[in-house]
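> My questions concern the predicted model and sequence given below.
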Amino acid sequence: MIEGLAAIYIFMLAGFTGFEIISKVPVILHTPLMSGSNFVHGIVLVGAMYALGIADSTTEQVIGFIAVLLGAGNAVGGYVVTERMLEMFKPSKKKTGSEE
């Protein structure tokens, strides 16, 4: 019981700390920060897959499966957002021809 409460406390502390750190990041650094966080999401996904692999009970397997789904969605979504952000910095192509 105590270990579960300690895990919840650490999770909440990490959430509040992460929110405070991210909220103070300048806008110009968001793209490099997203790239770094995508790397971390990949590590989280590997950890979730490992946890799912060693799960014994049905409850652990369900929680592990949900963790893998959410981790994969988070990693893929982060790369999609980063790609869209990088597209904004590419020069626009000028139209040629008789289009008006």
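It's in. This one's a predicted model, so the numbers in the text were calculated from it and none came from an experiment. Numbering: from 1, shown residues only.

> Need the three-state assignment for Asp56.
Judged by DSSP: H, G, I helix; E, B strand; the rest coil, the three-state class of Asp56 is coil.

> I'd like the distance between it and Leu69.
Noted for Asp56: a distance of 20 Å to Leu69, by C-beta to C-beta, to the nearest Å. (Glycine included, C-beta is placed from N, CA and C.)

> With Pro26 instead?
Pro26 is 33 Å from Leu69, by C-beta to C-beta.

> Of the two, give the one with the bigger neighbour count.
Leu69 (12 against 7; other C-beta atoms under 10 Å).

> got a list of what that one touches?
Neighbouring residues of Leu69 by C-beta atoms under 8 Å, 6 or more residues apart in numbering: there are none.

> Helix or strand: which one has it?
In this structure, Leu69 sits in helix 58-87 according to DSSP states H and E.

> Enumerate the positions of that helix that are buried.
For helix 58-87, a neighbour-count test (16 or more other C-beta atoms under 10 Å) marks Gly64, Ala67, Val68, Gly71, Ala72, Asn74, Ala75, Gly78, Thr82 as buried.

> Check stretch 48-60 too.
In stretch 48-60, counting by 16+ other C-beta under 10 Å, buried: Ala48, Leu52, Ala55.

> got those as TSV, with pLDDT and distance to Gly4 columns?
Converted to TSV, these look like this (pLDDT from 0 to 100; distance: C-beta to C-beta, whole Å):
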residue	pLDDT	distance to Gly4
Ala48	87	19
Leu52	88	19
Ala55	87	17
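
> Just send these back as a markdown table, with distance to His41 too.
Formatted as a markdown table, the buried residues of stretch 48-60 follow (distance: C-beta to C-beta, whole Å):
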| residue | distance to His41 |
| --- | --- |
| Ala48 | 10 |
| Leu52 | 16 |
| Ala55 | 21 |
